[in-house]
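Peer 1: What follows is a predicted structure for the sequence shown.
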Amino acid sequence: MGGIVGEDTDHEVKEMEHEVQAEVQEIPEATPEAMIVAEGLTKKYGQFTAVDALDLTVRRGEIFGLLGPNGAGKTTTILMLLGLTEPTSGTVRVAEYDPVRDPLSVKSIVGYLPDNVGFYPNMTGRQNLRYTAALNRISPKEAEERIEVLLADVGLADAAEKRAGKYSRGMRQRLAIADALVKDPSILILDEPTIGIDPEGVRELLAMLARLRDQDGMTILLSSHLLHQVQAVCDRVGIFVGGHLIAAGPVADLERQLANDDEVEFEISAFAADGRSADGGALDRLVGSLRSLDGVKDVIRQGDMVTVRGKSAVRAAAVKTVVDQGLLPVHLRQRGMSLDDIYDRYFREEASTGHASTK
């Protein structure tokens, strides 16, 4: 009997090992090029889907911007990456760790700035950073060196001995950034980092993130709904709407993708036939004629400048229309899209499919 029980037990153990190995193989592996890999990541709260089948890769040493309106699912995604909430389905790797099974290891290599961070109000900014350093088992000598540098980097050197409870919202945000960097992480995740910071502070923060990427090779994921603030610093962006990542890539590539959809925006400026500025009546007639062209979606006149949006093939017809109106075209330039323009286009397309409206 004992021999039979032993064999059955061995068989069960082997089956369990096989199941565990199969489970492990389903988890995406981070590579030397990728520090964060999510596949089919989904989070549901009852009938509400906050994040829907997210596939996301953040490469080593890049700044990736997760962009979208409030309520798009950005924060929920970040919480799943950190192991602070479990996904309903899908898999994720942060470096070599699975946040679901090994959240402490993930926290050891990731600096995290939540969208509403709290500090001990009766402790100074410096003391709060010392406390964080102690929690991360950083030696006092090393902690003091890091804290001194970080306070200067975030512009709080002169307020280091002030109680955190007396800090403004912008000062608390700066302290939070220093707090996320105390452990010298290899990955930095920032949830709405520019909220409450004045324009000069935003420029300094973005410059600091660029230095962390360029000098330290840090991988940075930041979420924001303030698109224009992050356009200059992000290597790639992902546009997040209604729990869906609807587009991802460098801003220039996203712009080209939209251009390949055969819609462009260009500016036209024209003078009268005698070389003088065209009068308002002539420009209004030009606007009317341009609007009648096939492929033109919109025409806007601002002073002497006329902006046309439509199919790319319409440019030649627009120039001919200017000449037919007895005017001299003196300026024709295709406009590049800002990140806000790109986001707006993708958002409209996603909304038209019904995805954004159902979340």
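Peer 2: Okay, I see it. Numbering: from 1, shown residues only.
Peer 1: Show me the shaky parts of the stretch 151-300 of the chain.
Peer 2: In the predicted model of the stretch 151-300 of the chain, residues 255-263 satisfy pLDDT under 70.
Peer 1: in the helix or strand in which residue 281 is found, what counts as buried?
Peer 2: Under the criterion of DSSP states H and E, residue 281 resides in helix 280-291. Buried residues in helix 280-291, counted by 16 or more other Cβ atoms under 10 Å: 282, 283, 286, 287, 289, 290. Using the backbone N, CA and C atoms, a C-beta is placed for each residue, glycine as well.
Peer 1: Turn those residues into CSV, columns for distance to residue 100.
Peer 2: Output for the buried residues of helix 280-291, formatted as CSV (distance: Cβ to Cβ, whole Å):
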residue, distance to residue 100
282, 67
283, 62
286, 62
287, 58
289, 62
290, 57
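Peer 1: from those residues, which is closest to residue 197?
Peer 2: Nearest to residue 197 among the buried residues of helix 280-291: residue 287, at 41.5 Å, using Cβ to Cβ.
Peer 1: Can you name the residues that contact the closest one?
Peer 2: Residue 287 makes contact with 299, 301, 306, according to Cβ atoms under 8 Å, 6 or more residues apart in numbering.
Peer 1: One more: residue 308?
Peer 2: Residue 308 touches 265, 266, 267, 268, 290, 296, 298, 299, 314, 318, counting by Cβ under 8 Å, 6+ apart.
Peer 1: Mark which of the residues you listed are buried, thanks.
Peer 2: Judged by 16+ other Cβ under 10 Å, buried ones among those: 265, 266, 268, 290, 296, 299, 314, 318.
Peer 1: Please identify which pair of these lies farthest apart.
Peer 2: 265 and 290 (12.8 Å).
Peer 1: hmm, back to that, quick one: which of the contacts of residue 287 sit in strands?
Peer 2: 299, 301, 306 (DSSP state E).
Peer 1: so the first one touches residue 306, yeah?
Peer 2: Put plainly, it is residue 299. Yes - between residue 299 and residue 306 there is a contact at 6.5 Å, judged by Cβ atoms under 8 Å.
Peer 1: Overlap in contacts, these two.
Peer 2: Common neighbours of residue 299 and residue 306 (criterion: Cβ under 8 Å, 6+ apart): 287, 290.
Peer 1: where's residue 206, which helix or strand?
Peer 2: Counting by DSSP H and E, residue 206 is found in helix 199-216.
Peer 1: Now do the helices in the stretch 151-300 of the chain.
Peer 2: All helices of the stretch 151-300 of the chain, identified by DSSP state H, counting those that start in this stretch, fall at 169-181, 199-216, 227-230, 251-260, 280-291.
Peer 1: Return the alpha-carbon coordinates of the third one using CSV.
Peer 2: Just to be clear, that refers to helix 227-230. The C-alpha trace of helix 227-230 is given here as CSV (Å, rounded to 0.1, in the frame of the first residue of the first chain):
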residue,chain,number,x,y,z
LEU,A,227,-0.4,66.1,-24.4
HIS,A,228,1.5,69.2,-25.3
GLN,A,229,3.7,69.0,-22.2
VAL,A,230,5.1,65.5,-23.0
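Peer 1: buried residues in it?
Peer 2: Buried-residue list, helix 227-230, by 16+ other Cβ under 10 Å: 227, 229, 230.
Peer 1: how far away is the first one from residue 304?
Peer 2: It refers to residue 227. 29 Å (Cβ to Cβ, to the nearest Å).
Peer 1: and if you look at residue 236?
Peer 2: 38 Å.
Peer 1: Quick check: residue 175 touching residue 167?
Peer 2: Yes - contact criterion Cβ under 8 Å: residue 175 and residue 167 qualify, at 6.6 Å.
Peer 1: which residues are in contact with both of these two?
Peer 2: 119, 125.
Peer 1: Which one of those two is surrounded by more residues?
Peer 2: residue 175 (25 against 20; other Cβ atoms under 10 Å).
Peer 1: which ones are touching that one?
Peer 2: For residue 175, counting by Cβ under 8 Å, 6+ apart, the contacting residues are 119, 125, 128, 129, 154, 156, 164, 167.
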